[in-house]
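Visitor: Any chance you can model this:
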Amino acid sequence: MNEVIKTINNLRSIRKFSEEIINDDKLKIILNSAIRAANASSMQSYSMIVVKEREIMKSLTGYTGSVAIVYCVDYFRYLKLAEYLDHSYDVFDIISFITGTIDTILAAQTSVIAAKSMDIDSLITNGVNRMGLDNAFEILNLPEKGCFPLITVIFGYSNEKSKKKHGRLNDSSIIHYNKYSKLTEENIRTLVETYNNYDNPLGLINNWEELGLKNYLDWLFTRWLGSNNLNSTNDGLKSFYDILKKIGFLKYSNFKM
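Guide: Alright, predicted model coming up:
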């Protein structure tokens, strides 16, 4: 197994970081690695905002580490370039948002792998959504058009006690060849049992039985994915859609709530 594959296999999410600082040379490697990620039409439709102040990290995401990078879907610079060259460019539809999202996530994941190759740990979080998008726009001074804070990565050195690495689905329920293989009832039963396997944890918790639940997925559907989680409330969803529409990515949407 080569070193790249070992690095990928050793990735895990860390939520408690030490006070050790990532030096600027290593940070530069992380950033330069991110911009080498594949991107649509060579547009690099993203921006990366580096945050070193822990109080700002906390207010943005709820987490702190040595450094945070906020990865934004970003077409604002193309707006300004078009304006400068007297071109019309104001089409920010949902396809543009999806394309920019792919570019942004590729950059973020590439930076995580680069960091891990230098023994720097990370946490990928959508905390900017939980802490309030208006909050992020204000703190980061984001443009009001064409720019959306998609995801944040907290980087640092782990301060957690060694914990068992989470398992992953790797069977026919997630890997398909030539065409999509729909789940049979037997496949579904096997999946439920797989999620219930304490020896190969796939989920977020392992005490669902103590909570009076028969299966891990019972907890997932009723507690974690319930109506009070993240932005799944009506107010949270409306705010999310309102911001996407304001910055221009829902130009043709008739969404109402």
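
Visitor: need the contact list for G62.
Guide: Counting by C-beta atoms under 8 Å, 6 or more residues apart in numbering, G62 makes contact with 125, 127, 130-131. (Glycine included, C-beta is placed from N, CA and C.)

Visitor: Tabulate the CA atom coordinates of stretch 22-33 in PDB.
Guide: What follows is stretch 22-33, C-alpha atoms only, in PDB (Å, rounded to 0.1, in the frame of the first residue of the first chain):
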ATOM      1  CA  ILE A  22       0.300  24.900  12.300                       C
ATOM      2  CA  ASN A  23       3.200  26.800  10.900                       C
ATOM      3  CA  ASP A  24       2.800  29.100   7.900                       C
ATOM      4  CA  ASP A  25       4.800  26.900   5.600                       C
ATOM      5  CA  LYS A  26       2.500  23.900   6.200                       C
ATOM      6  CA  LEU A  27      -0.600  26.100   5.900                       C
ATOM      7  CA  LYS A  28       0.700  27.300   2.500                       C
ATOM      8  CA  ILE A  29       1.100  23.700   1.400                       C
ATOM      9  CA  ILE A  30      -2.500  22.900   2.400                       C
ATOM     10  CA  LEU A  31      -3.800  25.900   0.500                       C
ATOM     11  CA  ASN A  32      -1.700  25.300  -2.600                       C
ATOM     12  CA  SER A  33      -2.800  21.600  -2.600                       C
END
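
Visitor: Mean confidence (pLDDT) on it, please.
Guide: Averaged over stretch 22-33, pLDDT sits at 97.

Visitor: buried set for that stretch?
Guide: Of all the residues in stretch 22-33, those buried under the rule 16 or more other C-beta atoms under 10 Å are 22, 26-27, 29-30, 33.

Visitor: do you know how far the most far-flung residue of the chain relative to its centre is from S45?
Guide: Centroid-distance maximum for the chain: D86 at 35.3 Å, with C-alpha atoms, centre = their mean. Distance of D86 to S45, given as C-beta to C-beta, to the nearest Å: 22 Å.
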